[in-house]
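Novice: Provide a 3D model corresponding to the input given below.
(chains A and B)
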Amino acid sequence: MTTETLLKNGKAAAALLAGGIGAAFMGFITTLSIALPDFSKAYLSWYNPAGPLSGKTTLTVIVWLIVWAVLGKQWQDKDVDFDKIAMIAIVLLLLGILGTFPPFFDIFAPAA
Amino acid sequence: MEVTFRESWGVLHGLIFGALFLLAFSGGIVGLYSLRPEFLTAEGLKERMGRLKVWVSSMAAIVWATVLSGTYIVYPWYRAKPAEGTTDLSTYPRSLLLSAENTAEWHKFGMEFKEHVAWIAPIAATVVAYVIVVYGPQLVKEPKMRKALMNFFVIAFTAAAIAGVLGAFITKAAPVR
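Specialist: So this is what the prediction gives:
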């Protein structure tokens, strides 16, 4: 007879929440770069041919991976409130999409 | 009949990588949905799980290839600035779109939305692939986890579809040549 060991849900919750935070950060940095165009040009053009998009996307990936590494370590052997975390992660993903939607981020553009 | 070097990259980015991800979505979501104890025997689960792991991991890799080739190869050609006094803007898509009132929104709305929203797809798809690879057959016993993964997958697809559709229209209006 064999007994099956089930993995705790922490690793999955960490991946989902980190993904949500990464997406929300993409929305945030997109909106921020519209609100602060000088900042965007000066600090986010990490690869000049692609302009500020290079900094926004690379920074997003860095934030996402760091959050994932930290949460993954914290929750790797734990059972967490999965429903709540999954719901927060999905809301964050949707906020990320909202932050990249031009009619939304244009609200924050400086007056011409 | 001629396809330029830049057009070839545009095709690879949108029609091959991007379209492949969108086409593969239905297989991934059905695979996830059908991970239910009432649908599968132990033997069936083993066979299904191996295929699903390869499928979703490949999808994540393909969507990363799509955004990386788009951002770092095709997009610089799209946004290149013409030299002062250039009148033929056909090789400067961004400037071409912005030069006329009836096409400017393809850049201001279309490209601005596409270039940013697309990056949500690989993040969400990677999360889905990771959880499927790590939890494997246990997902059959985790309906809440499966539901969350399906939601993530649908959002990844939506972000990629928005980018893909806008990309097709923008390319029609002002192709990268």
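Novice: Only C-alpha atoms from now on, for both contacts and neighbour counts.
Specialist: Will do.
Novice: Check which helices and strands the helix ranked longest in chain A is in contact with.
Specialist: Of all segments of type helix in chain A, defined using DSSP state H, the longest is helix A:10-35. Identification of packing neighbours for helix A:10-35 by 3 or more CA pairs under 8 Å, 6 or more residues apart in numbering or on different chains; DSSP states H and E yields helix A:37-43, helix A:52-75, helix A:82-99, helix A:102-105, helix B:112-117, helix B:120-135.
Novice: of the ones you listed, which approaches B:Lys144 most closely?
Specialist: Between B:Lys144 and the helices and strands packed on helix A:10-35, the shortest separation by CA to CA is 7.1 Å, and it involves helix A:82-99.
Novice: shouldn't A:Lys56 be in contact with A:Gly27?
Specialist: No. With contacts counted by CA atoms under 8 Å, A:Lys56 stays clear of A:Gly27, the gap being 9.6 Å.
Novice: quick one, which of those two is more surrounded?
Specialist: A:Gly27 (28 against 24; other CA atoms under 10 Å in any protein chain shown).
Novice: The closest residue in space to the more buried one that isn't next to it in sequence: neighbouring residues, count only.
Specialist: Nearest residue to A:Gly27, sequence neighbours excluded (CA to CA, 6 or more residues apart in numbering or on different chains): A:Gly99, at 3.7 Å. A:Gly99 has 26 neighbours, counted by other CA under 10 Å.
Novice: What of A:Glu4?
Specialist: A:Glu4: 7 neighbours (other CA under 10 Å).
Novice: swap in B:Pro143?
Specialist: A count of nearby residues for B:Pro143, using other CA under 10 Å, gives 14.
Novice: Distance-wise, check it relative to B:Ser34.
Specialist: 11 Å (CA to CA, to the nearest Å).
Novice: Around chain A, pick out the residues from chain B.
Specialist: Counting by CA under 8 Å from any CA of the partner chain, chain B comes close to chain A at B:71-72, B:75-76, B:79-80, B:108-109, B:112-113, B:115-117, B:119-120, B:123-124, B:127, B:130-131, B:135, B:138, B:144-145, B:148, B:151-152, B:155, B:159.
Novice: 7 Å instead, please
Specialist: Applying CA under 7 Å from any CA of the partner chain, we find that chain B lies next to chain A at B:71-72, B:75-76, B:109, B:112-113, B:116-117, B:120, B:123-124, B:127, B:131, B:138, B:148.
Novice: Which among the helices and strands packed on helix A:10-35 is found nearest to B:Ile29?
Specialist: helix B:120-135 (10.5 Å).
Novice: Please name every helix or strand in contact with the next helix or strand after the closest one.
Specialist: Going down the chain from helix B:120-135, the next helix or strand is helix B:143-173, by DSSP states H and E. Helices and strands touching helix B:143-173, by 3 or more CA pairs under 7 Å, 6 or more residues apart in numbering or on different chains; DSSP states H and E, are helix B:19-33, helix B:112-117, helix B:120-135.
Novice: if I pick the residue nearest the centre of chain A, what's in contact with it?
Specialist: In chain A, the residue lying closest to the centroid (CA atoms, centre = their mean) is A:Gly22, at 1.2 Å. Neighbouring residues of A:Gly22 by CA atoms under 7 Å, 6 or more residues apart in numbering or on different chains: A:Thr60, A:Val61, A:Val63, A:Trp64.
Novice: right, and the pair among the residues of chain B next to chain A with maximum separation?
Specialist: Pairwise distances across these peak at 44.1 Å for B:Pro76 and B:Gln138 (criterion: CA to CA).
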